[in-house]
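Participant: Have a look at this prediction, sequence included:
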Amino acid sequence: QQQTMYMTSQPTSIVGISQQQQLPPTYTMQAPLSTSSSVTSLIPMVTIKQEPQIPMPNTQMRPNSQNFPVQQQQQQQQQQQQQQQQQQQQQQQQQQQQQQQQQQQQQQQQQQQQQQQQQQQQQQQQQQQQQQQQQQIKQELMVPPMPQQQQQIKQDLMAPPTPSQQQQIKQELM
């Protein structure tokens, strides 16, 4: 659908026309774009400025002059289709981002569960340590005093108080 455009801004005379006729204002048209769905780059939006139409002469130089409005409509439709495709691609990207966020949330939940399990394991270890300590205390209480310890206890009871201890006793009595 490639169309050659005559870009003119001054009144010119066309071969084959006896009268001097001013050409219509030039159209600013966008080059036809491919409508394949593999277009991922953002296509710049080009608005087609259509100035008031002056009836175009049907000359041999312009065999397709009457088809210009139709081609413009087709190009507008192509642009709309491309815009829709871009919107769909953006929606797909948003959906993918949402899925990634959900996956991240699931990973965070799994990490929290793992942390909870670790905390439970630590609590169990602490409980086991406490039980072991209690058993050690019981064993120490159950052990009878050694002969050396008995002798020390007897010696402590038999020993007379030292002068400093006597002073302390006197002070406490006073």
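Facilitator: That came through fine.
Participant: Please count neighbours and contacts with C-alpha atoms only from this point.
Facilitator: Will do.
Participant: going on from the lowest-mean-pLDDT helix or strand in the chain, what's the next piece of helix or strand?
Facilitator: Counting by mean pLDDT, DSSP states H and E, the weakest-scoring helix or strand in the chain turns out to be helix 147-158, with a mean of 75. Scanning forward in sequence from helix 147-158 by DSSP states H and E, the next helix or strand is helix 163-173.
Participant: Could you list the buried residues of stretch 73-93?
Facilitator: Going by neighbour count (16 or more other Cα atoms under 10 Å), the buried part of stretch 73-93 is 75-76, 78-79, 82, 85-86.
Participant: Tell me who's in contact with residue 112.
Facilitator: Contacts were defined as Cα atoms under 8 Å, 6 or more residues apart in numbering; by that measure residue 112 touches no other residue.
Participant: State the helix or strand in which it lies.
Facilitator: With DSSP H and E as the criterion, residue 112 is inside helix 68-142.
Participant: just residue 144 next, same as before
Facilitator: Using DSSP H and E, residue 144 sits within no helix or strand.
Participant: From residue 150, how far off is it?
Facilitator: Distance of residue 144 to residue 150, computed by Cα to Cα, to the nearest Å: 10 Å.
Participant: Look at these two and report which has more neighbours.
Facilitator: Taking residue 144 and residue 150 together and counting by other Cα atoms under 10 Å, residue 150 has the greater number of neighbours (12 against 9).
Participant: how close does residue 77 get to residue 85?
Facilitator: From residue 77 to residue 85 the distance is 12 Å (Cα to Cα).
Participant: Same question for residue 152.
Facilitator: Between residue 152 and residue 85 the distance, using Cα to Cα, works out to 97 Å.
Participant: could you dump the least confident helix or strand of the chain to CSV, C-alpha only?
Facilitator: Extracted in CSV, the C-alpha atoms of helix 147-158 (Å, rounded to 0.1, in the frame of the first residue of the first chain):
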residue,chain,number,x,y,z
PRO,A,147,35.2,-38.4,102.9
GLN,A,148,37.3,-35.3,102.2
GLN,A,149,34.3,-33.1,102.2
GLN,A,150,33.1,-34.7,105.5
GLN,A,151,36.5,-33.9,107.1
GLN,A,152,36.3,-30.3,105.9
ILE,A,153,32.9,-29.9,107.4
LYS,A,154,34.1,-31.4,110.7
GLN,A,155,37.2,-29.1,110.7
ASP,A,156,35.0,-26.1,110.0
LEU,A,157,32.8,-26.9,113.0
MET,A,158,35.8,-27.7,115.3
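Participant: by contact count, what packs against that helix?
Facilitator: Using 3 or more Cα pairs under 8 Å, 6 or more residues apart in numbering; DSSP states H and E as the contact definition, helix 147-158 packs against no other helix or strand.
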